[in-house]
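Asker: Provided below are the primary sequence and the corresponding predicted coordinates.
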Amino acid sequence: MTSALKALPNIRRACMIPACQGQASYPRSISLWEHGLHLFRSAVGVVLPAPMLRRAMALKTDGCPRLVVRDRAFPVRRNLYLVGFGKAVLGMAAAAEKILGDHLIQGVVSVPHGIRACLQQAGMEEMLLKPHSRIQVIEGAKHNLPDKEALRAASMIRELAEGLTADDLLLVLISGGGSALLPAPTPPILLEEKEKVTKLLASRGATIQELNTIRKALSLMKGGGLARAAYPAQVLSLILSDVIGNPVDIIASGPTVYSCPSAQDCLQILTKYNLLSILPRSVETVLSSSVSYPSGPKDYSHVYNVVIGSNSLALEEAKCQAEDLGYWTLILSAAMCGEVSRVAKLYSQLIQFVCLSTAGLAEGPLRDQVRGDLLKLAAELEIPGLNLVDPLKALQGLESERSVCLLAGGETTVQLRGNGKGGRNQELALQVALELHRAKATGAGYFLGRYEVLFLSCGTDGQDGPTEAAGAFSSQELVDKAAQEGLNVETFLSNNDSYTFFSKFQNGHHLLLTGLTGTNVMDIQAILIRARDR
Ligand SMILES: Nc1ncnc2c1ncn2[C@@H]1O[C@H](COP(=O)(O)OP(=O)(O)OP(=O)(O)O)[C@@H](O)[C@H]1O
Ligand SMILES: O=C(O)[C@H](O)CO
């Protein structure tokens, strides 16, 4: 498994497989994990930065040269500057550089530590800038944490923006991970102090909305600060979304979207996570001082923000591929969120429901009970746009023994209790395995046993938490097999140690190691269910 995924070109090759070719019959010898892998590669392939950017903008040279994005045309006359920050920004910048040609005067991008070497190694030259590029690249934010290099990049970006005039156009490339790659703490806050607050919030399960509200309040560039610095230049932001619902004020903390969180909002969040008493003094000072921007724009009409890629796009591609492989396929939601253990329960119940349905158990108290539990849990989780009533009906009507693929995307949260190494995808995969193991001891166990089940959860950026894995896959047999190797799943879970578990279990066979993929549209989960040969 590990070696099959090690090279990024695998992902690239998968993109070339034509999608949606109708149903085909594939040999049963192809394992579910090969299918799962293919779906993940395809999903990532469609949101790779270069093709996405080419779809989003074009330079028209008939008549007056202009940059066309959606319904807007921006006149260009060697007045173009570029800045960017985020995990997917290097590939976006490489594509932009090709499109913009000599109109591009200068640029600075802040990208993850090690990304150039990783892309080079994987032979993904199209994601690298050309030699002697006008765009300067700074790598930083190792393990997704702001550091001195990211700080340096942020101050260069700010300087570039501040030097622009009303005749200039600033192209801003934004993707997830941008918050850590554009740190500019408001004085007197030090980088370490800001990092401490954001790290504590993240570890206590704060949502990205909460986290980035605080980041905006403590930063010079977030919450519209970059657009303010660039004023009166025109600002065109192309945004690759890694946040549920694609809210542009939250993605990378919205550096080109005006928003000014009130002290009240911040205090509420800090109180909720019990952080008020341990705040650095500098943070208290900034939060209690009212900020004003006398030289800033009155409105943000000089800014055009456009979302050019998202999790839904990736899921749609995976769906086409799954259908092509012969699965009855359903996208559950591109907004999957909530605590990992509860989301794992939901997935386990869904899997049980599918097995009961396709095993031909049309009616009965067992299925009614699973259905009832499922709907109740889904309602409690309040996942935006998740309506299970119709999909459950459709599943009930499925022909017997039909292979099923359920897809979802989004971002779950983990409340860290232990000090192990892991990420939300690996923890989710492990939790699902535990839930399925428990379900085997219930009335649904017999039906579960008649199916092969694969659960896969991965970050599309290729990095799940502070680990080198993109995610992991699991099955209903995992807990028993782990026990045979002397590994107790519950012990690892209670210490948030999913990465250590998966590294040890079957020599890391269940880990997905893609390396950084060069894109980032949150996480993707795939559930594959197929009747066993009997
Ligand atoms: N030991 C662990 N087990 C499970 N989850 C963890 C562990 N350590 C950190 N995490 C989780 O990993 C997440 C951070 O992961 P990651 O660096 O992939 O962030 P991200 O949200 O994808 O970043 P970005 O949004 O900037 O792309 C946090 O939600 C954190 O709770
Ligand atoms: O950078 C960030 O803030 C997160 O990735 C959300 O966009």
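Answerer: Nice, I can see it. Model, not experiment: these values are computed from the prediction. Ligands and ions are numbered 1, 2, ... in the order given.
Asker: Run through the residues that contact the residue nearest to A531 when sequence neighbours are not counted.
Answerer: Distances taken as C-beta to C-beta, 6 or more residues apart in numbering place E401 nearest to A531, at 4.3 Å, with adjacent residues excluded. Using the backbone N, CA and C atoms, a C-beta is placed for each residue, glycine as well. E401 makes contact with 358-359, 531 under the criterion C-beta atoms under 8 Å, 6 or more residues apart in numbering.
Asker: would you list these in TSV and tack on neighbour count, pLDDT and distance to ligand 1?
Answerer: Formatted as TSV, the contacts of E401 follow (neighbours: other C-beta atoms under 10 Å; pLDDT from 0 to 100; distance: C-beta to the nearest ligand atom, whole Å):
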residue	neighbour count	pLDDT	distance to ligand 1
T358	24	85	32
A359	18	80	34
A531	17	93	33
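Asker: quick check: mean pLDDT across stretch 512-528?
Answerer: Mean per-residue pLDDT for stretch 512-528: 92.
Asker: Start and end of it, how far apart?
Answerer: Terminal residues of stretch 512-528 lie 16 Å apart, using C-alpha to C-alpha, to the nearest Å.
Asker: Tell me if it is near ligand 2.
Answerer: No - using C-beta under 6 Å from any ligand atom, stretch 512-528 stays clear of ligand 2, coming no nearer than 7.1 Å.
Asker: Distance from the chain centre to that stretch, please.
Answerer: 8 Å (C-alpha atoms, centre = their mean, to the nearest Å).
Asker: Output the below-cut-off pLDDT ranges for the stretch 301-450 of the chain.
Answerer: 361-363 (pLDDT under 70).
Asker: any idea how far the residue nearest to C337 when sequence neighbours are not counted is from S42?
Answerer: Once flanking residues are discounted, C337 sits nearest to G410: 5.2 Å by C-beta to C-beta, 6+ apart. Going from G410 to S42 by C-beta to C-beta, to the nearest Å gives 18 Å.
Asker: Check V109 too.
Answerer: From V109 over to S42 (counting by C-beta to C-beta), the distance is 27 Å.
Asker: out of these two, which sits in the busier spot?
Answerer: A count of neighbours by other C-beta atoms under 10 Å puts V109 above the other of V109 and S42, at 27 against 23.
Asker: Now the more buried one: phi and psi?
Answerer: Note on V109: its backbone torsions stand at phi -130, psi 140 [degrees, to the nearest 10].
Asker: That one reaches Q136, doesn't it?
Answerer: Yes - under the criterion of C-beta atoms under 8 Å, V109 makes contact with Q136 at 7.4 Å.
Asker: Reformat the contacts of E401 as TSV; add secondary structure.
Answerer: Below are these laid out as TSV (DSSP: H, G, I helix; E, B strand; the rest coil):
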residue	secondary structure
T358	helix
A359	coil
A531	strand
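Asker: and those near ligand 2, which?
Answerer: Filtering those for proximity to ligand 2 by C-beta under 6 Å from any ligand atom leaves nothing.
Asker: neighbours of G515, just the number please.
Answerer: 23.
Asker: Helix, strand or coil: sort out it for me.
Answerer: coil.
Asker: which one is it nearest to, not counting chain neighbours?
Answerer: Distances taken as C-beta to C-beta, 6+ apart place C118 nearest to G515, at 5.1 Å, with adjacent residues excluded.
Asker: Is it correct that the one you found is in contact with L513?
Answerer: No - in this structure, C118 is not within contact of L513 by C-beta under 8 Å, at 11.7 Å.
Asker: any idea how far the residue of the chain most remote from its centre is from ligand 2?
Answerer: In terms of distance from the mean C-alpha position of the chain, G63 ranks first, at 40.1 Å (C-alpha atoms, centre = their mean). From G63 across to ligand 2, the span is 37 Å (C-beta to the nearest ligand atom, to the nearest Å).
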